[in-house]
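Visitor: sequence first, then the predicted structure, then my questions.
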Amino acid sequence: MSGLEVRSIDYVPLDERHGKLWHLGPLWFMSNAQIATLAVGLISITEGGNLIWSLLSIVAGTVIGTFFMAFHSAQGPQLGLPQMIQSRPQFGYVGALLVWLFAYVQYAGFNVFNSILAAESLHATLHGGVKLWVVVVTVVALVIALVGYDIIHKAERVLTYAFLVIFGIFTVGVLVTLHYPAGSFDLGAFKWTPFLAQFGVVAGYQISWAIYVSDYSRYLPPDVTVRKTFYWTYFGSALGGIWLMVLGTLLAAWAGKGFDTIRSINAAGDKVFVGFGAIVLLFAALGLVSVTALNMYGGSLTLISGIDSFKRVRPTLGVRLLTLGLTAALSLVGALAATSNFLANFNNFLLLVLYLFIPWTAVNLMDYYVVRRGHYAIAEIFNPHGIYGRWGWHGIIAYLVGFAVMIPFFSVGTLYVGPAAKALGGADISLFIGLPVSALLYWWLTRSIDVDAETRLAQAEAEALEQAAHEHREP
């Protein structure tokens, strides 16, 4: 059992920090370079956009959405904490449950989609039934998540090298052998609605990674720079995301109304040589297993954070086992019970994720980089009666107001189109409304915070914090 990670939401002491900064690059590249991401690149084509403008909207959405998630990554080495527990200084010891609930729903939703897609890939190549493979995928992902941080990093590095070979060949095949409809590259065929719909889904998908990123950088030593941490995370995630989303758009433009993720990948792969489609799908399943493990790992941390809000938790291996088991069980039940409607509405799910996490990412980043400038009394984050309070009304108000002003601009397929979105022909620009409103409102509400006093408190508690971490308890 000594090989299993013990730590969860607790602070990582300085003498346990390890790893290399460049490891973040392949981790975030491979996390995005899997065929669930491919599905994100379909919406513009399916809503009547042409190929060239679909590709441009994917690049634009990735460039902007990844910007926010990469800045969260830099918080991990500086604070030694997983991502979601860092919401307590903004939302309060109990108030942070608001965003943790949304985060846990996100983990569950992505895991349902990922495990089904992996199972369908395996069934298409090895047969045996989708439900059987859903169970296998879930169990393997659970084992990886249980071993923890280091094995996840190593697995993603190995998968990255294999991906570059297999999907490199596949991508060349897609570019060389497939033919696209007339007008696919006509710059004069621009349409706002599919362009912004694709942009919003892509940006939302990239921003949705923001709840993960510190989980996988928190063991790094604090002397790695914010800039370099940002770069390795940003370019890894952006390159992986753009690659797979572009593949999705190309395949959708080629296949037309007959597009199906598994069948289209298989058919396109077989145009390189017979049987190559099956190789691509088998490798794709491995990538989906790895990202399912990431979701279980992050879901476990979020669940422990939530439990800790009601009853202080000693962060032991037993707690990790229990919460990982519950998270895996939820994923399994959801995947076995999911209908075709869930899969068809995956883009709507992505948009809802975007809406929920735009105000959170705005508040969290404004607090870290502008208000407190990276200075936190970490021991107080675990103190239910500490300086951050039980309810962080500054953060809660900024979040709720930011979300509220976005509602008229929502455009979620047939589910809901707000009045402002209707006036814009169905175009969704809510991202550009919620981000600045939440960020600026939070900054205005927190002008009276005494950051210097918090810094002095952090310095006074630093030794006790390290001691508590060595004893595997909260400070």
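Guide: Perfect, thanks for sending it. Residues are numbered from 1 along each chain as shown.
Visitor: spit out the contact partners of the nearest residue to residue 22 once chain neighbours are set aside.
Guide: Nearest-residue entry for residue 22: residue 232, 6.0 Å, with adjacent residues in sequence omitted and distances by Cβ to Cβ, 6 or more residues apart in numbering. For the C-beta atoms, the positions are set from N, CA and C on the backbone; glycine is no exception. By Cβ atoms under 8 Å, 6 or more residues apart in numbering, residue 232 lies in contact with 21, 22, 24, 25, 28.
Visitor: 6 Å instead, please
Guide: 21, 22, 24, 25 (Cβ atoms under 6 Å, 6 or more residues apart in numbering).
Visitor: how close does the second one sit to residue 182?
Guide: So the one you mean is residue 22. From residue 22 across to residue 182, the span is 44 Å (Cβ to Cβ, to the nearest Å).
Visitor: with adjacent residues omitted, what lies nearest to residue 83?
Guide: residue 214 (3.9 Å).
Visitor: measure that neighbour to residue 86 for me?
Guide: 7 Å.
Visitor: can you check residue 438 too?
Guide: Distance from residue 438 to residue 86, by Cβ to Cβ: 16 Å.
Visitor: who has more neighbours, those two?
Guide: residue 438 (29 against 23; other Cβ atoms under 10 Å).
Visitor: helix, strand, or coil at the more buried one?
Guide: helix (DSSP: H, G, I helix; E, B strand; the rest coil).
Visitor: so what's the residue nearest to residue 370 when sequence neighbours are not counted scoring on pLDDT?
Guide: In space, residue 370 comes closest to residue 443 once its chain neighbours are excluded; the distance is 6.1 Å by Cβ to Cβ, 6+ apart. Residue 443 carries a pLDDT value of 97.
Visitor: same deal with residue 343?
Guide: For residue 343, pLDDT reads 53.
Visitor: before we move on, back to that, what's the local residue count around the residue nearest to residue 370?
Guide: Residue 443: 17 neighbours (other Cβ under 10 Å).
Visitor: change the start of the numbering to 156 and stick with it
Guide: Yes, from this point I'll number from 156; that puts the last item at residue 598.
Visitor: quick check: the gap between it and residue 324.
Guide: Residue 598 is 49 Å from residue 324, where distance means Cβ to Cβ.
Visitor: rewinding a little: so which helix or strand takes in the residue nearest to residue 177?
Guide: helix 381-410 (DSSP states H and E).
Visitor: that helix - what's its average pLDDT?
Guide: Here the average pLDDT along helix 381-410 is 94.
Visitor: buried sites along that helix?
Guide: Neighbour counts over helix 381-410 (16 or more other Cβ atoms under 10 Å) mark 381, 384-410 as buried.
Visitor: got it, and stretch 567-579?
Guide: So for stretch 567-579, counting by 16+ other Cβ under 10 Å, buried means 567, 572, 573, 575, 576, 579.
Visitor: quick one: which of the residues you listed sit in helices?
Guide: Of the positions in the buried residues of stretch 567-579, 575, 576 sit in helices, assigned by DSSP state H.
Visitor: give the residue spans of the chain that score low on pLDDT.
Guide: The chain contains residues with pLDDT under 70 at 156-157, 494-500, 502, 505.
Visitor: so which residue is dead centre in this structure?
Guide: In the chain, the residue lying closest to the centroid (Cα atoms, centre = their mean) is residue 364, at 2.1 Å.
Visitor: please report the distance of the closest residue to that one other than its chain neighbours from residue 191.
Guide: Closest residue to residue 364 apart from its sequence neighbours, by Cβ to Cβ, 6+ apart: residue 224 at 4.4 Å. Residue 224 is 16 Å from residue 191, where distance means Cβ to Cβ.
Visitor: equivalent analysis for residue 602, please.
Guide: Taking Cβ to Cβ, one finds residue 602 at 42 Å from residue 191.
Visitor: give me the more crowded residue out of the two.
Guide: residue 191 (23 against 8).
Visitor: name the element the more buried one belongs to?
Guide: helix 190-193.
Visitor: okay, that helix in CSV with CA atoms only?
Guide: Taking C-alpha atoms only, helix 190-193 is exported to CSV below (Å, rounded to 0.1, in the frame of the first residue of the first chain):
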residue,chain,number,x,y,z
ILE,A,190,-11.7,11.6,-28.8
ALA,A,191,-14.2,13.1,-26.4
THR,A,192,-12.5,16.4,-27.3
LEU,A,193,-13.0,15.5,-31.0
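Visitor: so which elements touch it?
Guide: helix 252-281, helix 381-410 (3 or more Cβ pairs under 6 Å, 6 or more residues apart in numbering; DSSP states H and E).
Visitor: ok, back up a step: which members of the contacts of residue 387 are classed as buried?
Guide: 176, 179, 180.
Visitor: narrow those to those in strands?
Guide: Applying DSSP state E to the buried ones among the contacts of residue 387, no entry is found in strands.
Visitor: make TSV out of those residues and add distance to residue 585.
Guide: Below are the buried ones among the contacts of residue 387 laid out as TSV (distance: Cβ to Cβ, whole Å):
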residue	distance to residue 585
176	34
179	30
180	31
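Visitor: just those now: which is nearest residue 281?
Guide: residue 180 (31.4 Å; Cβ to Cβ).
Visitor: so who does that closest one touch?
Guide: 387, 391.
Visitor: state the distance from it to residue 216.
Guide: Computed with Cβ to Cβ, the distance linking residue 180 and residue 216 is 21 Å.
Visitor: do the same with residue 440
Guide: Noted for residue 440: a distance of 26 Å to residue 216, by Cβ to Cβ.
Visitor: who's more crowded, those two?
Guide: residue 216 (28 against 25).
Visitor: export only the CA atoms of the strand or helix carrying the more buried one, formatted as PDB.
Guide: Following DSSP H and E, one finds residue 216 within helix 206-228. Taking C-alpha atoms only, helix 206-228 is exported to PDB below (Å, rounded to 0.1, in the frame of the first residue of the first chain):
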ATOM      1  CA  LEU A 206     -15.300  24.300 -42.600                       C
ATOM      2  CA  ILE A 207     -12.900  27.200 -42.700                       C
ATOM      3  CA  TRP A 208     -14.900  29.300 -40.200                       C
ATOM      4  CA  SER A 209     -15.400  26.200 -38.000                       C
ATOM      5  CA  LEU A 210     -11.600  25.800 -37.800                       C
ATOM      6  CA  LEU A 211     -11.100  29.500 -37.000                       C
ATOM      7  CA  SER A 212     -13.700  29.500 -34.300                       C
ATOM      8  CA  ILE A 213     -12.000  26.400 -32.700                       C
ATOM      9  CA  VAL A 214      -8.700  28.100 -32.700                       C
ATOM     10  CA  ALA A 215     -10.100  31.300 -31.300                       C
ATOM     11  CA  GLY A 216     -12.100  29.500 -28.600                       C
ATOM     12  CA  THR A 217      -9.100  27.400 -27.500                       C
ATOM     13  CA  VAL A 218      -6.700  30.400 -27.400                       C
ATOM     14  CA  ILE A 219      -9.100  32.300 -25.100                       C
ATOM     15  CA  GLY A 220     -10.500  29.500 -23.000                       C
ATOM     16  CA  THR A 221      -7.100  27.900 -22.300                       C
ATOM     17  CA  PHE A 222      -5.800  31.300 -21.100                       C
ATOM     18  CA  PHE A 223      -7.900  31.100 -17.900                       C
ATOM     19  CA  MET A 224      -7.300  27.400 -17.100                       C
ATOM     20  CA  ALA A 225      -3.500  27.800 -17.400                       C
ATOM     21  CA  PHE A 226      -3.400  30.700 -14.900                       C
ATOM     22  CA  HIS A 227      -5.100  28.300 -12.400                       C
ATOM     23  CA  SER A 228      -2.200  25.900 -12.900                       C
END
